[in-house]
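A.B. asks: sequence and computational prediction follow.
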Amino acid sequence: MPLRSIDKQLVDRCLNHEPRAWNDFVDRYMGLIYHVIHHVSHARSLVLSEEDIEDIAAEVFLAIVDDDYAILRRFAGKSSLPTYLTVISRRVCVKEVVKRQRNAKLGHATAHRAATDEGDSASDVEPLMAAEEVQRILDDLPDREAQVIRLYHLKSLNYRQIGKQLGIPENSVGPILAKARDLARKTATQRR
């Protein structure tokens, strides 16, 4: 399906930062994005709260405006804009759902550990000691590797965001992260 003129005009208005362009864009495509979120959650047999749905929709819109509308700039018009936005929305939604599931599992493990350690005075000190050990390991890493570890594991940034923040190519973040993990493992092993 060719690009409709109303969609082309809306994309052009956003890219030119015209007044109310973004509001018009959100009004036009909010329903589509919410539909994609509901479809993804249904396909994965997930029940999302209204807050989760709104958060995921916000992440989709943030992805669209990120880097001065880079996603809209990459739109080649070979499909309809709604089709293109559906693909983008689905990718962001799946990523967010997976991240939330991972965090929920980690939260469950933490809650279980806290319940089994109840009454144990050593359990109150153990997390602090672990955090101090992690900080020592990070301090022993070269600055760039430590920054990548912090941004990826502690701030939950993706490779693109890390590359942008540190001014390095996105495709070099993975190798730096792998090298940093190896160095951290070696440092931790040497301390034992």
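C.D. replies: Received the coordinates, thanks.
A.B. asks: export stretch 93-102 as PDB, just CAs?
C.D. replies: Coordinates of each C-alpha in stretch 93-102 appear next as PDB, following Å, rounded to 0.1, in the frame of the first residue of the first chain:
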ATOM      1  CA  CYS A  93       6.800  -3.800  23.000                       C
ATOM      2  CA  VAL A  94       8.400  -7.300  22.900                       C
ATOM      3  CA  LYS A  95      11.600  -5.800  24.300                       C
ATOM      4  CA  GLU A  96       9.800  -4.100  27.100                       C
ATOM      5  CA  VAL A  97       7.700  -7.200  28.000                       C
ATOM      6  CA  VAL A  98      10.800  -9.400  28.100                       C
ATOM      7  CA  LYS A  99      12.600  -6.800  30.300                       C
ATOM      8  CA  ARG A 100       9.600  -6.600  32.600                       C
ATOM      9  CA  GLN A 101       9.400 -10.400  32.800                       C
ATOM     10  CA  ARG A 102      13.100 -10.600  33.600                       C
END
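A.B. asks: let's have the chain start at 42 instead
C.D. replies: Got it, the first residue is 42 from now on, which makes the last one we talked about stretch 134-143.
A.B. asks: give me the buried positions along it.
C.D. replies: Burial within stretch 134-143, assessed by neighbour count using 16 or more other Cβ atoms under 10 Å, is assigned to Cys134, Glu137, Val138. Placement of C-beta: from N, CA and C, glycine included.
A.B. asks: now stretch 98-111
C.D. replies: Neighbour-count burial for stretch 98-111 flags Ala98, Glu100, Val101, Phe102, Ala104, Ile105, Tyr110 (criterion: 16+ other Cβ under 10 Å).
A.B. asks: what's the first helix or strand after the one helix or strand in the chain whose mean pLDDT sits lowest?
C.D. replies: The weakest-scoring helix or strand in the chain, judged by mean pLDDT, DSSP states H and E, is helix 162-181 (a mean of 57). Going down the chain from helix 162-181, the next helix or strand is helix 184-190, by DSSP states H and E.
A.B. asks: who's in contact with the helix or strand that that next one is followed by?
C.D. replies: Going down the chain from helix 184-190, the next helix or strand is helix 200-207, by DSSP H and E. With contact meaning Cβ atoms under 8 Å, 6 or more residues apart in numbering, helix 200-207 is reached by 108, 185, 188-189, 192-193, 198, 209-215.
A.B. asks: before we move on, what about stretch 74-89?
C.D. replies: Outside of stretch 74-89, the residues within contact range by Cβ under 8 Å, 6+ apart are 94, 97-98, 101-102, 126-127, 130-131, 134-135, 138, 142.
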